[in-house]
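S.K.: Just a sequence and a predicted model for now, questions to come.
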Amino acid sequence: MINTYVSYQLIAKDIGKSLDRVQNQPVVERETEYYLENITKVKSIKEFVADDRLFRYAMKAHGLEDMAYAKAFMVKALEGGVEDKDSFANKLSDKRYKEFVNTFNFEAYGDTATLFTKAQQGTVDKYLRQTLEENAGDQNEGVRLALYFERKASSITNAYEILADPALKQVAFTALGLPDSFGNADIDKQAKLIEERIDLEDFKDPELLSKFINRFTTLWEINNPTVSAASLVTTLFTQPEYGISTNLLLTMQSMKAY
């Protein structure tokens, strides 16, 4: 089996081709065709949530598939919009809800909300990326997390946004070598440590972001091995450009091979 580090690189090095493969999957193709044919017919929040197939597609595109059943909750978020800083969606710590409401902004645009590109092809693009990440996760959860972090990293403005998102938090904790138990500490203490050890501006630099994700995939593999530790060390010694530290390599060499 290919390890986490290599699996991530195979997908990320040509994300366009990876997305094309997802788009050509029969189920994805059918659902996308239905979505594009019908989304512009939706003129209200009521109509939106009433078409379960459309609504689930949109929810999955925004990483909210698990909440597709909570229609009353989503109606409340959509009705409040995002213009008012005290709206329901804006008060939620998980920013995915605000992104969803901003995409389908019935509160601001009424029956024309679905005519914008972000509600049509923009949502399709998000659906394809979400499906790509989920497919990767079926084989290796670490790869899904790495792809998700890569997608979201440049928009992170503070440590609290990392802590509010379980996937971002898991990547950060793993990359920093923090135990899960640290998540029980005071939230301000967690945020302070993360901001002390991570310069969030680095995530706007593709090269620095790549190094951070490569560190995560390496440490994830150590904690969740798909191949022997010896094989992973060999792989990393042939990939020096990714800046894996000597200490980390020596630690991996000392591990027992499976």
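M.R.: That came through, no problem.
S.K.: Against which helices or strands is the helix or strand harbouring residue 132 packed?
M.R.: Residue 132 is part of helix 121-139 when elements are defined by DSSP states H and E. Packing partners of helix 121-139 (3 or more Cβ pairs under 8 Å, 6 or more residues apart in numbering; DSSP states H and E): helix 4-12, helix 15-23, helix 26-38, helix 52-61, helix 141-152. Glycine gets a C-beta too; all of them are placed from N, C-alpha and C.
S.K.: what's the angle between the first one and helix 15-23?
M.R.: If I follow you right, that is helix 4-12. Using axes from the mean of the first three to the mean of the last three Cα atoms, to 10 degrees, one finds that helix 4-12 and helix 15-23 are set 80 degrees apart in direction.
S.K.: Correct me if wrong: residue 111 contacts residue 43.
M.R.: Yes: counting by Cβ atoms under 8 Å, residue 43 is a contact partner of residue 111 at 3.9 Å.
S.K.: List of residues touching stretch 146-156?
M.R.: By Cβ atoms under 8 Å, 6 or more residues apart in numbering, the surrounding residues in contact with stretch 146-156 are 4, 8, 11-12, 129, 132-133, 136, 162, 165, 167-168, 171, 200, 203-204, 209, 212-213, 216-217, 220.
S.K.: One more: stretch 125-133?
M.R.: Contacts for stretch 125-133 (Cβ under 8 Å, 6+ apart): 11, 18-19, 22-23, 25, 28, 31-32, 35, 57, 60-63, 65, 144, 147-148, 151.
S.K.: per the record, what domains does the protein have?
M.R.: 4-124, 140-253 (automatic domain parsing).
S.K.: averaging pLDDT over each of those domains, which comes out lowest?
M.R.: Here the lowest mean pLDDT among these goes to domain 140-253, at a mean of 83.
S.K.: Make a ChimeraX selection of whichever of the contacts of stretch 125-133 turn out to be buried.
M.R.: Only the buried entries of these go into this ChimeraX selection, using 16 or more other Cβ atoms under 10 Å:
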select :11,18,19,22,23,28,31,32,35,57,60,61,62,63,144,147,148,151
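S.K.: Give the buried residues for stretch 141-156.
M.R.: 142-153, 156.
S.K.: Likewise for stretch 112-128?
M.R.: For stretch 112-128, the neighbour count (16+ other Cβ under 10 Å) marks 113-114, 118-120, 123-124, 126-128 as buried.
S.K.: How about stretch 194-205?
M.R.: Within stretch 194-205, judged by 16+ other Cβ under 10 Å, the buried ones are 194, 198, 200, 203.
S.K.: go on, stretch 204-221?
M.R.: So for stretch 204-221, counting by 16+ other Cβ under 10 Å, buried means 209-221.
S.K.: could these be laid out in a markdown table, adding distance to residue 85?
M.R.: What follows is those, written out as a markdown table (distance: Cβ to Cβ, whole Å):
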| residue | distance to residue 85 |
| --- | --- |
| 209 | 30 |
| 210 | 35 |
| 211 | 36 |
| 212 | 31 |
| 213 | 33 |
| 214 | 38 |
| 215 | 36 |
| 216 | 33 |
| 217 | 37 |
| 218 | 40 |
| 219 | 38 |
| 220 | 37 |
| 221 | 42 |
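S.K.: Turn those residues into JSON lines, including secondary structure.
M.R.: As requested, the buried residues of stretch 204-221 are exported to JSON lines (DSSP: H, G, I helix; E, B strand; the rest coil):
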{"residue": "209", "secondary structure": "helix"}
{"residue": "210", "secondary structure": "helix"}
{"residue": "211", "secondary structure": "helix"}
{"residue": "212", "secondary structure": "helix"}
{"residue": "213", "secondary structure": "helix"}
{"residue": "214", "secondary structure": "helix"}
{"residue": "215", "secondary structure": "helix"}
{"residue": "216", "secondary structure": "helix"}
{"residue": "217", "secondary structure": "helix"}
{"residue": "218", "secondary structure": "helix"}
{"residue": "219", "secondary structure": "helix"}
{"residue": "220", "secondary structure": "helix"}
{"residue": "221", "secondary structure": "helix"}
